[in-house]
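Engineer: please find the sequence and the predicted model below.
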Amino acid sequence: MKCEEICTDILECGHECCKPCHGSFTSHPPCSAPCPRTCPARGHPCPGKCGSVCPPCMVTLERLLACGHTATLSCFQDIDEVECIKKCDKMLECGHPCKSLCYENCDSECRFYGNIQLSCGHSVTGRCTPKLSCCVPCQKQLACGHPCPDRCGQPCATQCQVMVSASSAENKSLGTLSCPHTPKIPCFLLNNTAQDLNIERSYKCTEKCSAVLLCGHKCCGDCHKCTEQGLHPSCPAACTRRLLCGHRCTAKCGQSCPPCQDKSFFRCPHTKTGAKCGEPPKICKEKCTWRCPHLKCSKKCGSACSRSICPEKCGLKLECGHKCVGICGELCICTECVKLDIKSTQEVYINIGCGCPNANEDIKKHNSTPDVRLFECPLCRQPVQFSNIYKQEYIQCFLNF
């Protein structure tokens, strides 16, 4: 029969065997009592069994590393084999902190980006690098008195390039040009006594030409180019010429005037907008609107009228308080407001739409010349848009144009 009692033999460790009786011919199993041993480093109790090999001590605690930082480590860990993962607290040569980890080698190049104070006293925003230069203009003055054109921190220029008048140059050959202007040369050449013809030729007149062109405008080209080439560039000013149609040219003064793209001046009372300038006018089929209390036209608007100028005077009192000296049924005219000296009380004055008081004979005489142009006012030269009195004359003038 198998013994059911507990073995109470004393083991080598001093504990009693607590396993079922196994007889005297069988060795005792490992002791299962709590291990009474402690870790040799800090005396922490072993968490294993008495009969088992003690495991590495896993108690965690704050340990001081060789770099001076502390880390949470297990008791058994060797601090000489631990890599510190905290940020490096060393300063680089530029004065900024190293951004590597403590166990890593310090940066060979600074990784700082921000506002950096330079040795010149100015500050810049950027990445810290030995090649970082100041972008502020140099505040120093050259020996000639002109400001240094270079940037702060760079060697100042030895030859001032500011263009100055050559009238006081010691080398008199630099002070003459083939044009009326006084040449401008770099400042450093003022005291240059070398008779160098290449230098003389290399610094040409920098003034604008300003010669009066045939059009009346001043030339805006470079003086030395106009002098050398003997030719002025095309005038870039707005064209002041009036086209034959009466509109102003929209091209540049030095260009050929292009075909007019505006609407024609010619239009009758029934037409809201004129045709394209240069196109023949359409013959209006509406009834003619030329009428007054004494006479009335019975023809179509586009045909020759069946009536003539009314022989009666208008005589209406105008808003200015003066009496109209125009013809009955036509646009009113005040000769007193425009201070017109009436030649004769029998003279017929007509307003052809522009407001100018013109004598009938003056209008006919002005528009009977062989000049190629539209029917216009003798005083303001404005093309006539519409007039019942001179309808046929200006239509024929337009067709001839």
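Structural biologist: Sure thing, it's come through. Residues are numbered from 1 along each chain as shown.
Engineer: for the stretch 1-150 of the chain, which spans come out with low pLDDT?
Structural biologist: 1-2, 23-26 (pLDDT under 70).
Engineer: could you pull out the strands for the stretch 301-401 of the chain?
Structural biologist: Assigned by DSSP state E, counting those that start in this stretch, the stretch 301-401 of the chain shows strands spanning 349-350, 358-359.
Engineer: now swap in the stretch 101-250 of the chain and tell me
Structural biologist: Under DSSP E, counting those that start in this stretch, the stretch 101-250 of the chain gives strands at 113-117, 123-127, 163-165, 184-186.
Engineer: out of those strands, flag the one nearest residue 306.
Structural biologist: strand 184-186 (76.3 Å; CB to CB). For the C-beta atoms, the positions are set from N, CA and C on the backbone; glycine is no exception.
Engineer: check which helices and strands that closest one sits against.
Structural biologist: Contact partners of strand 184-186 among helices and strands, from 3 or more CB pairs under 8 Å, 6 or more residues apart in numbering; DSSP states H and E: strand 163-165.
Engineer: give me the residues contacting the strand it packs on.
Structural biologist: Applying CB atoms under 8 Å, 6 or more residues apart in numbering, the contact partners of strand 163-165 are 182-187, 190, 206.
Engineer: also stretch 230-245?
Structural biologist: For stretch 230-245, the surrounding residues in contact (CB under 8 Å, 6+ apart) are 209, 211, 213, 215-217, 219-221, 225-226, 248-255, 257, 260, 262, 264-265, 277-278, 372-374, 383, 401.
Engineer: now the two most distant members of the contacts of strand 163-165.
Structural biologist: It's 190 and 206 that sit farthest apart of the contacts of strand 163-165, by CB to CB, at 15.8 Å.
Engineer: more crowded one of those two?
Structural biologist: Comparing residue 190 with residue 206 by neighbour count (other CB atoms under 10 Å), the higher total belongs to residue 190, at 19 against 13.
Engineer: if I look at the more buried one, how far off is residue 164?
Structural biologist: 7 Å (CB to CB, to the nearest Å).
Engineer: any low-confidence regions in the stretch 251-400 of the chain?
Structural biologist: Checking the stretch 251-400 of the chain against pLDDT under 70 turns up 273-274, 278, 280-281, 340-346, 397-400.
Engineer: who are the contact partners of the nearest residue to residue 283 once chain neighbours are set aside?
Structural biologist: The spatially closest residue to residue 283, leaving aside those adjacent along the chain, is residue 302, at 3.7 Å (CB to CB, 6 or more residues apart in numbering). Counting by CB under 8 Å, 6+ apart, residue 302 touches 268, 282-285.
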